[in-house]
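S.K.: Provide a 3D model corresponding to the input given below.
(one chain, ligands or ions: 1)
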Amino acid sequence: MDDDSVPQSRRSRKHAVNEGVRRLLDTPGWNPYRRAASHPDPAAGAREALRQVRVEQAEDAAKACPDCAAARRASGDPSDLCPKHLAEAMGL
Ligand SMILES: [Zn+2]
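M.R.: Numbers count the residues shown, from 1 in each chain. Next comes the predicted model:
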């Protein structure tokens with residue numbers, strides 16, 4: 001079996017892989033890139049909902065937080081948060 005000892009050239013192997021990928025990408029309903037283009041970010045809605053919940057939770061906690069009250073008095077902004085709750089609202 002001399003064939004096995006002859007290494008296939010890198011170039012032709014890479015070409016074969018590219019060819020297979022291209023065929024896969026041409027398969028309707030398979031191409032993940034094409035699907036991503038029609039739905040830019042399927043997780044964006046869920047992330048936005050989570051962010052909203054985080055902000056609401058932080059604002060709820062801020063109502064009872066003396067640091068937030070102090071931050072609001074200091075800045076004159078009624079929605080201001082102390083560093084801790086600001087970080088929570090931002091998901092940190
Ligand atoms: Zn706070």
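S.K.: show the backbone phi and psi for residue 77.
M.R.: Backbone torsions of residue 77, given as degrees, to the nearest 10, read phi -100, psi 110.
S.K.: report the helix or strand with the lowest average pLDDT across the protein.
M.R.: Across the helices and strands of the chain, mean pLDDT, DSSP states H and E gives its lowest value to helix 32-38, namely a mean of 58.
S.K.: next SSE after that one?
M.R.: Sequence order places helix 44-63 as the next helix or strand after helix 32-38, per DSSP states H and E.
S.K.: what about that following helix, average pLDDT?
M.R.: Mean pLDDT, helix 44-63: 88.
S.K.: touching the ion at all, the helix or strand just after it?
M.R.: Next along the chain after helix 44-63, taking DSSP H and E as the criterion, comes helix 66-75. Yes - where contact is defined by Cβ under 5 Å from the ion, part of helix 66-75 touches the ion, namely 67-68. Every C-beta, even on glycine, is put in place using the N, C-alpha and C of the backbone.
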